[in-house]
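1. sequence and predicted structure are below.
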Amino acid sequence: MLTAPGIRFLASIAAGAALPLAFAPFGQFWVAPLSYAGLLFLWGGASPRGAFALGFAYGAASFLAGTYWTYISVHEFGQAPMALAIALTGGLVVVLALFVAAAGWAAARWFRTTGPVAWFGVLPALFVLTEWLRGWTFTGFGWLSAGYSQTDSWLMGLAPVVGVNGMSWAVMLSAGALVALVAGSSRTRARALVALIVLWGGAWAIADLRWTAPTGRVISVALVQGAVPQDLKWLPQQLRPTLELYRRLTLESGRRELVVWPEAAIPALHEQVSVELDQIRGEVEQLGAAVMFGILRRDPATDTFQNTLMTLTDPPSVYVKRHLVPFGEYFPVPGFVRNWMRLMSLPYVDAEPGDAMQPPLELVGEKIGVTICYEDVFGAEQLHYLPEATLLVNVSNDAWFGDSIAPHQHLQIARLRAAEAGRYLLRSTNTGITAIIDPRGRVADRLPQFEPGVLADAVQPFTGATPYARWGNWPVVLGAVLVLLGTLAWGIRVSASSKPSSSRPGD
């Protein structure tokens, strides 16, 4: 027979497991406030140890259900043994769940977990701070941040103002208001209803504001999706067919000013296919096109490889991926583990990252802010492009995740980046989802997954800066810190005023 703590623990797991339904491809954005409301309610009155356990259970369930595809990437395509793939996937889930657990522990240890101060102040602020920390500590993993769940809700209007972390705060405030509607006094319920109306109504009201403006130019673009299966891509016999595939699709796209190929579109080092690429350059230049393409190259300074996006021009412009994927592009392991990986024929060589402040690439008369694959999860890291860049490009190879929910989640993340910057974002991927995203974060057009094709359209470059582009995450982070400091100060003052005054003899 389950005890009350056992029931709370199972309820926390259930609430966490439901959370991924709020994200793509399911798109049930309303699940997120309800799921988080369940967590906040369960934290109420818990001891620090109990709040930690409940938060860990919630986080482990949500991240296991929402990021299970890491196992596919590591085992099925990375060729890691099953035990190692399970260990890496499980380790990631544990680390991510610890951030949720830390928020619950801190709330129970130093603050309140029940009442209006907790529901509207402490718990949302703590959760947002730990989510922000999760986005950059240990190289960062911002996947399943609460704000991403709201790309199709009224809260999307907040994206260019406060970014994904501000949207996460809005989700958590909504969750707190839902708890107040259930567990609060009549006055608190009324305040919660007003808070929901103001929050969601305000986000809807500012959604039509324009923070950036089109330059007046229109650029014809073509995004090429080769759809080469990941298990075939790097076979030696596949190189020539892949080169011919991208050449053919590019020439068939017609007279397009800008053509974008995916991440590592050509399965070779740049030095190995430079002659073939020069031949393709000559052909596309006759069409008046400029091509951006993903390819690996050997870094002459370190003799290691780099993941790059180059322009098919003479001379080429080059962007080098800055934010590398742990256990994919670099391996934070001791030497003896690296030696074992080499003996097991597993990848073990680190890529060389590019400079953190690379300027936009200049092409077709525009300055283009570039990210490669995983980098678009880190919104703050692309802000140095703005407001100089007039267009955003992300190239990726989501074939690593197979036919899972990951490519859909990745597209949802890219939608936030476009809305935060107030720019069109061109997203070219190997097997999908290739898409054109407008400055409000809406998918203007896309290609079906796992089918070769070309997405041809016209886009407008934009100038100006959104509030988020100007200030980044700092207003949200400082706001959350001030809420917690203010709550602590208020608690100390109330505690001091409630103590009986004592008089000294002779007074």
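-> Cool, got the structure.
2. gap between residue 356 and residue 420?
-> 19 Å (CB to CB, to the nearest Å). Where you see a C-beta, it was placed from the backbone N, CA and C, and this is true even at glycine.
3. which one of those two has more residues nearby?
-> Neighbour tally, residue 356 and residue 420, criterion other CB atoms under 10 Å: the higher count belongs to residue 420, 30 against 9.
4. phi first, then psi, for the more buried one.
-> The phi/psi pair for residue 420 (degrees, to the nearest 10) reads phi -60, psi -40.
5. so which residues of the stretch 201-350 of the chain form strands?
-> 213-214, 219-225, 258-260, 290-298, 305-311, 318-320 (DSSP state E, counting those that start in this stretch).
6. show me the contact partners of the shortest one.
-> Translated: strand 213-214. With contact meaning CB atoms under 8 Å, 6 or more residues apart in numbering, strand 213-214 is reached by 460-464.
7. any idea of the mean pLDDT for that strand?
-> Strand 213-214 shows a mean pLDDT of 96.
8. who does it pair up with?
-> strand 462-463 (antiparallel) (DSSP bridges).
9. on that earlier part again, among the strands of the stretch 201-350 of the chain, which is nearest residue 492?
-> strand 213-214 (48.6 Å; CB to CB).
10. and this protein, what are its domains?
-> The record assigns the chain these domain ranges, following automatic domain parsing: 4-210, 213-465.
11. closest one to residue 487 among those?
-> Nearest of the domains of the chain (CB to CB): domain 4-210, 5.6 Å.
12. state the distance from the residue nearest to residue 373 when sequence neighbours are not counted to residue 262.
-> In this structure, residue 373 finds its nearest non-sequential neighbour in residue 396, 4.3 Å apart by CB to CB, 6 or more residues apart in numbering. According to CB to CB, residue 396 and residue 262 sit 6 Å apart.
13. ok, residue 136 next?
-> 26 Å.
14. what pLDDT does residue 231 get?
-> Looking at residue 231, the pLDDT reads 84.
15. next: the one 3 residues further on.
-> As summarised for this prediction, residue 234 has a pLDDT of 88.
16. circling back: lowest average pLDDT across the domains of the chain?
-> Looking at these, the weakest mean confidence is domain 213-465, a mean of 90.
17. element containing the closest residue to residue 384 other than its chain neighbours?
-> The shortest distance from residue 384 to any non-neighbouring residue, by CB to CB, 6+ apart, is to residue 357 (5.6 Å). Secondary structure from DSSP states H and E places residue 357 outside every helix and strand.
18. quick one: residue 357 and residue 305, what's the gap?
-> Counting by CB to CB - residue 357 and residue 305 are separated by 22 Å.
19. which of those two has more neighbours?
-> More crowded of residue 357 and residue 305, by other CB under 10 Å: residue 305, with 17 against 9.
20. for the more buried one, give me its contacts.
-> Shown in contact with residue 305 (CB under 8 Å, 6+ apart): 269, 296-299, 349, 351-352.
21. at 10 Å instead, please
-> Each residue near residue 305 by CB atoms under 10 Å, 6 or more residues apart in numbering is listed here: 269-270, 296-299, 329, 349-352.
22. from what I see, residue 201 and residue 193 are in contact.
-> No - contact between residue 201 and residue 193 fails when scored by CB atoms under 10 Å: they sit 11.7 Å apart.
23. before we move on, the earlier item: so how do I select the buried members of the contacts of residue 305 in PyMOL?
-> Remark: buried members of the contacts of residue 305, expressed as a PyMOL selection using 16 or more other CB atoms under 10 Å:
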select buried, resi 270+296+297+329+351+352
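24. closest one of the contacts of residue 305 to residue 71?
-> Closest to residue 71, out of all of the contacts of residue 305 and judged by CB to CB, is residue 329, at 18.2 Å.
25. I figured the closest one hits residue 351, correct?
-> Yes - using CB under 10 Å, residue 329 is in contact with residue 351, at 4.3 Å.
26. who touches both of these two?
-> Both residue 329 and residue 351 are contacted by 305-307, 321, under the criterion CB under 10 Å, 6+ apart.
27. would you list those in TSV and tack on distance to residue 21?
-> Listed next are the shared contacts of residue 329 and residue 351 as TSV, based on distance: CB to CB, whole Å:
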residue	distance to residue 21
305	39
306	38
307	33
321	32
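28. can you tell me which of those is nearest residue 31?
-> Nearest to residue 31 among the shared contacts of residue 329 and residue 351 is residue 321, at 33.6 Å by CB to CB.
29. that closest one and residue 353 touch, don't they?
-> Yes - counting by CB under 10 Å, residue 321 touches residue 353, with 6.7 Å between them.
30. more neighbours: which of these two?
-> Using other CB under 10 Å, the more surrounded residue of residue 321 and residue 353 is residue 321, with 26 against 16.
31. residues contacting that one?
-> Applying CB under 10 Å, 6+ apart to residue 321 gives the contacts 263, 294, 296, 306-309, 329, 351-354, 358, 370-375, 395.
32. so how far is residue 413 from it?
-> Computed as CB to CB, the residue 321 to residue 413 distance reads 16 Å.
33. can you pull the contacts of the residue lying closest to residue 325 once chain neighbours are set aside?
-> Excluding the flanking residues, the one nearest residue 325 by CB to CB, 6+ apart is residue 374, at 5.0 Å. Going by CB under 10 Å, 6+ apart, residue 374 touches 139-141, 143, 263, 321, 323-326, 328-329, 396, 410, 413.
34. just the buried ones from the residues you listed?
-> Of these, these count as buried by 16+ other CB under 10 Å: 140-141, 143, 263, 321, 323-326, 328-329, 396, 410, 413.
35. quick one: whichever helix or strand residue 393 is part of to chain centroid distance?
-> Secondary structure from DSSP H and E places residue 393 in strand 391-396. On the basis of CA atoms, centre = their mean, to the nearest Å, strand 391-396 sits 14 Å off its chain's mean C-alpha point.
36. what's the nearest residue to the residue minimising distance to the centre of the chain if we skip its chain neighbours?
-> With distances taken as CA atoms, centre = their mean, residue 377 lies nearest the centre of the chain, 3.0 Å away. Closest residue to residue 377 apart from its sequence neighbours, by CB to CB, 6+ apart: residue 142 at 4.9 Å.
37. shouldn't the one you found be in contact with residue 375?
-> No - at 11.2 Å, residue 142 does not count as touching residue 375 under the criterion of CB under 10 Å.
38. picking up where we left off before, between the domains of the chain, which one is nearest to residue 486?
-> domain 4-210 (8.0 Å).
39. picking up where we left off before, looking at the buried ones among the contacts of residue 374, which one is closest to residue 119?
-> Comparing the buried ones among the contacts of residue 374 against residue 119 with CB to CB places residue 143 closest, at 26.4 Å.
40. for residue 96, see how far away the closest one is.
-> Here residue 143 is placed at a distance of 8 Å from residue 96 (CB to CB).
41. tell me where the stretch 201-350 of the chain has helices.
-> For the stretch 201-350 of the chain, the helices defined by DSSP state H, counting those that start in this stretch cover 230-233, 239-252, 274-286, 335-343.
42. now do the contacts for the residue nearest to residue 377.
-> Here residue 142 is in contact with 131-132, 134-136, 148, 164-165, 168, 377-380, 413 (CB under 10 Å, 6+ apart).
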